[in-house]
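Asker: This is a predicted model, with the sequence first.
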Amino acid sequence: MLPQRSESDFIEALTALRHRPLIGGNRLTLLRDGPQTHDAQLAAIAAARHHVHLETYLLTDGVVGQRYADALTERARAGVRVRLMLDGIGALGAGDDYRQRLLDAGVRLREFNPVNPLRDPRLWRVTRRTHRKTLIVDGRIAFTGGVNITDAYRSAAGERVGDDDEPGWRDTHLMIEGPAVAEFQRVFLTYWARLGSLRSTRGYYPAPSRPGTSLACAITDQGEGFIDHWVGGAAREVEQSDDDEDSDDDRDADDDGARLPRPRNPLRPKYRIKPRIYHAYRDAISLAQQRVWITQAYFAPNGRFIRALCRAARRGVDVRLILPARTDASLLKYAARQRYARLLRAGVRIHEYQPAVLHAKTAVIDGLWSTVGSANLDYRSFFHNDEANAFVICPRFARQMEAMFEDDLQRCTRIHASAWRRRPWRQRLLEAFAGAIKWLL
């Protein structure tokens, strides 16, 4: 067995990526599925005294959405500053009556990249979305994760509220109390100001308390619209090595073992941004000596990410993936499955979650490094969406993450290489098609 990495190795990698140190003294609460998350968030909103800052991707005016409307309007009428930032596509399910109710109560509402050309004629930006799900209350509590404000989260994973309801989705959220809250606050206020104006930040950064002991930080990414990549001219490429995704590690190497350059696919866009969440994952995987356990809703990363997982498995790391058997994005599921053969050959264990739609985006590595957030492991999250993940260095929290992972494993079916080789040709064709266009999905 390889020697255990120390906390300092993972701390140094995140510090180098962020260009500032991690923040200690945080208390973390892991929230599983919709009911736990919404109960915790609504309780925090109800206790707000100064401000409520909520940013979400999917928002509908169903049962869950109305609970939030009740909470937000009550606080706004009580004199609390309530700001709600919505995505122009993700919040299409929140109709005009719902929004007007919020505005009438004094909730301040701003929309990111609206799809109405009368409001913003730059429709080429439609592929850039804010995919974040963050809530900051009084500058002292922050939430982030994968849980949206829709009725898919009325019940726990696989359960139904009523006979006609779909089973609740499996997802994970995180509540943070302590100094790291300020990082989520800073991101929210920066984007709020960009969408309009912000007179002052006074009162939004209270003196930080240290209610816990965990090291934590926020890493956020700013995406670009798909067409912006094409008009970028001589834009710098970032991690565009995809053509070798089904190859072994030594393919296209010369006699000295050096990688030979590959011709670039002219149909793929150039990327001008450095996706920091992607690099945080890859840095941690490269450091791993014991375990890499990833739960991921939409898994269609580039070839370098796949290669990092394979190399970890080959050096003896226990690499396990929990991926969806049921999904709301079928093509992405097939794009993920196109990677299975190579991963299985390398020794990666792949499990598909069965009871419900899997929407969580989490990972735990070596019992030290953990992440919970909004970012998927696909091109849309890496390059097109605005995302927010919490990264944690804490053995105690990592044990909670591992326990949750092991519990989810009990509800999974493992994919074995021998059976995978016998899958039908129709499925193989779908995988090939989805894999070829994964950077568009």
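Answerer: Yep, it's here.

Asker: who's in contact with residue 88?
Answerer: Applying Cβ atoms under 8 Å, 6 or more residues apart in numbering, we find residue 88 in contact with 111, 112, 113, 114, 115, 116, 126, 129. For glycine as for every other residue, the C-beta is placed from the backbone atoms N, C-alpha and C.

Asker: Enumerate every residue touching the second one.
Answerer: For residue 112, the residues meeting the contact criterion (Cβ under 8 Å, 6+ apart) are 85, 86, 87, 88, 129, 130, 191, 195, 386.

Asker: Just name the closest of those to residue 60, please.
Answerer: residue 86 (11.3 Å; Cβ to Cβ).

Asker: Run through the bridge partners of the closest one.
Answerer: Residue 86 has these beta-bridge partners by DSSP bridges: residue 56, residue 111.

Asker: Equivalent analysis for residue 168, please.
Answerer: residue 157.

Asker: and it, how far is that from residue 159?
Answerer: 5 Å (Cβ to Cβ, to the nearest Å).

Asker: Neighbour count for those two, which is higher?
Answerer: residue 168 (23 against 14; other Cβ atoms under 10 Å).

Asker: who's in contact with the more buried one?
Answerer: By Cβ under 8 Å, 6+ apart, the neighbours of residue 168 are 33-35, 152-160, 356.

Asker: now those: which count as buried?
Answerer: 33, 34, 35, 152, 153, 154, 155, 156, 157, 158, 356 (16 or more other Cβ atoms under 10 Å).

Asker: least trustworthy position among those residues, going by pLDDT?
Answerer: In terms of pLDDT, residue 158 ranks lowest among the buried ones among the contacts of residue 168, with 85.

Asker: Which residue comes closest to that residue once chain neighbours are left out?
Answerer: Distances taken as Cβ to Cβ, 6 or more residues apart in numbering place residue 355 nearest to residue 158, at 3.4 Å, with adjacent residues excluded.

Asker: Dihedrals phi and psi, the one you found?
Answerer: Residue 355 adopts backbone torsions of phi -70, psi -30, taken as degrees, to the nearest 10.

Asker: Now for it, how many residues are close by?
Answerer: Counted with other Cβ under 10 Å, the neighbours of residue 355 add up to 17.

Asker: Isn't it up against residue 166?
Answerer: No - with contact defined as Cβ atoms under 8 Å, residue 355 does not reach residue 166; the gap is 11.9 Å.

Asker: which residues touch the residue nearest to residue 158?
Answerer: Residue 355 neighbours (Cβ under 8 Å, 6+ apart): 157, 158, 167, 170, 411.

Asker: Next, the contact list for the residue nearest to the fourth one when sequence neighbours are not counted, please.
Answerer: Looking back up the chat, that one is residue 170. Distance criterion Cβ to Cβ, 6+ apart; nearest residue to residue 170, sequence neighbours excluded, is residue 157 at 3.6 Å. Counting by Cβ under 8 Å, 6+ apart, residue 157 touches 33, 167, 168, 169, 170, 171, 355, 356.

Asker: ok, now with 7 Å
Answerer: In this structure, residue 157 makes contact with 33, 168, 169, 170, 355, 356, judged by Cβ atoms under 7 Å, 6 or more residues apart in numbering.

Asker: do the same with residue 155
Answerer: Residue 155 makes contact with 35, 161, 168, according to Cβ under 7 Å, 6+ apart.

Asker: rerun that using 8 Å as the cut-off
Answerer: Neighbour list for residue 155: 34, 35, 161, 165, 167, 168 [criterion: Cβ under 8 Å, 6+ apart].

Asker: Turn the residues you listed into JSON lines, including distance to residue 208.
Answerer: JSON lines is the format used below for the contacts of residue 155 (distance: Cβ to Cβ, whole Å):
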{"residue": "34", "distance to residue 208": "30"}
{"residue": "35", "distance to residue 208": "30"}
{"residue": "161", "distance to residue 208": "39"}
{"residue": "165", "distance to residue 208": "41"}
{"residue": "167", "distance to residue 208": "40"}
{"residue": "168", "distance to residue 208": "35"}
